[in-house]
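> starting from these lines, generate the structure:
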Amino acid sequence: METVTIGFWAVAVLVLLAVAFDFMNGFHDAANSIATVVSTGVLKPQQAVLFAAFFNVIAIGIFQLKVASMIGKGIVEPGVVDHHVIFGALIGAITWNVITWWYGIPSSSSHALIGGIVGAVMAKAGAAKLIGAGIIKTVLFIFVSPLLGFLLGSLMMVLVAWTFRRTSPLRVDQWFRRLQLVSAGLYSLGHGGNDAQKTIGIIWMLLVASGYLAAEAKAPPSWVIWACYIAIGMGTMFGGWRIVKTMGQRLTKLKPVGGFCAETGGAITLFIATAMGIPVSTTHTITGAIVGVGSVRNASTVRWALAGNIVWAWIFTIPASALVAGAFYWLSLTLY
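Down below sits the predicted model:
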């Protein structure tokens, strides 16, 4: 592929912007990892974010870079990428993240980034430079990941209820308060493993486009990988309570057993998607799992109107971030 001439400082600024997005991803999506463990009272918010951040970072040693490869090479033709595209994509994603965080709406940082990439590339070269198979697979999992989370969460709840049907509720509560630490840790591993790789992928794309890395490289430099995993962990440490409240308290009330089932179902979904190299939304996944658990207990306990608002935010994420990214692509092109 052809490379474009990009100055070192331009690349450095874009890398910093990508790492800032990764930090914001952790900040914005911290609720996905800790909402249930906070809602059930197993951990206090300050304890929970430290716990989740630790597992976000250690995911670096567990997952292969399949998601990063999909973002870097599987969504758009590599030859179309330049610094204007990367700038537009990141600003589009960051803008949508800030808007949804401010209003406490659990939207997807992942799909905001994908929408940003798509919007910036379309502004430059039209839809012909998009890779259809990668886009279709990613869009399909917008629906598959929450559905799978819903099914696994509700199935876990049914199995646990049947297994412990003769055990006193107090003892079940005590056991699952401890077990929820395991499920929360697993979910945070999945969050770090899938989400950090999206930023790794966009930096990888930038380094190849600017000639700092060969197109044939099997992986980006190790400093990229470490920077992205540490950034998402730091972001989680400073995560926003606004979305934690929506996910863990307002959507449906959870007990430790429900929190365990939701997190375990969500974690399995994330592990499957990461192994397949598919960038999925941790927000969609845990929301589906929480609703699945709540509906098994009593469908009336799920606040379906709030769930509907969340779904609308999901639907608008890719087109909204794409529009912003396209506008900032043209702004970047005009100014620089």
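> pull the helix or strand with minimum mean pLDDT from this protein.
One helix or strand of the chain scores below all others by mean pLDDT, DSSP states H and E: helix 241-245, with a mean of 52.
> which residues are in contact with residue 65?
197, 200, 219-220, 225 (Cβ atoms under 8 Å, 6 or more residues apart in numbering). C-betas here are computed from N, CA, C, even on glycine.
> what ranges do the helices span in the stretch 101-250 of the chain?
109-125, 132-163, 169-209, 222-237, 241-245 (DSSP state H, counting those that start in this stretch).
> out of those, deepest packed?
Most buried of the helices of the stretch 101-250 of the chain, by mean neighbour count (mean count of other Cβ atoms under 10 Å): helix 109-125, with a mean of 27.
> just give me how far that helix sits from the chain centre.
Counting by Cα atoms, centre = their mean, to the nearest Å, helix 109-125 is centred 16 Å from the centre of its parent chain.
> that one packs against which elements?
helix 8-39, helix 66-73, helix 83-102, helix 132-163, helix 169-209, helix 304-335 (3 or more Cβ pairs under 8 Å, 6 or more residues apart in numbering; DSSP states H and E).
> that helix to helix 83-102, inter-axis angle?
Using axes from the mean of the first three to the mean of the last three Cα atoms, to 10 degrees, the inter-axis angle of helix 109-125 relative to helix 83-102 is 140 degrees.
> number of residues surrounding residue 295?
18 (other Cβ atoms under 10 Å).
> report how many residues lie close to residue 8.
9.
> residue 89 against residue 122, yeah?
No: if you go by Cβ atoms under 8 Å, residue 89 and residue 122 don't touch, sitting 11.0 Å apart.
> could I get the contacting residues of residue 275?
Contact partners of residue 275, counting by Cβ under 8 Å, 6+ apart, are 63, 66.
> relative to residue 29, how far out is the residue lying closest to residue 206 once chain neighbours are set aside?
In this structure, residue 206 finds its nearest non-sequential neighbour in residue 86, 5.0 Å apart by Cβ to Cβ, 6 or more residues apart in numbering. Residue 86 sits 21 Å away from residue 29 when distances are taken as Cβ to Cβ, to the nearest Å.
> for this protein, which spans come out with low pLDDT?
1-6, 30-33, 104-106, 239-254, 297-314 (pLDDT under 70).
> quick revisit: JSON lines for the helices and strands packed on helix 109-125, including distance to residue 57?
Compiled in JSON lines, the helices and strands packed on helix 109-125 are given as follows (distance: least, Cβ to Cβ, whole Å):
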{"stretch": "helix 8-39", "distance to residue 57": "10"}
{"stretch": "helix 66-73", "distance to residue 57": "16"}
{"stretch": "helix 83-102", "distance to residue 57": "21"}
{"stretch": "helix 132-163", "distance to residue 57": "23"}
{"stretch": "helix 169-209", "distance to residue 57": "7"}
{"stretch": "helix 304-335", "distance to residue 57": "26"}
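> residue 267 is nearest to which of those helices?
Residue 267 lies closest to helix 169-209 among the helices and strands packed on helix 109-125, at 4.0 Å (Cβ to Cβ).
> one step back: quick one: closest of the helices and strands packed on helix 109-125 to residue 59.
Using Cβ to Cβ, the nearest of the helices and strands packed on helix 109-125 to residue 59 is helix 169-209, at 3.5 Å.
> show me what the closest one is packed up against.
The contact analysis (3+ Cβ pairs under 8 Å, 6+ apart) places helix 169-209 against helix 8-39, helix 45-58, helix 66-73, helix 83-102, helix 109-125, helix 222-237, helix 256-276, helix 282-298.
> contact partners for residue 218?
By Cβ under 8 Å, 6+ apart, residue 218 has no neighbours at all.
> got it, and residue 217?
Residues near residue 217 by Cβ under 8 Å, 6+ apart: 204, 208.
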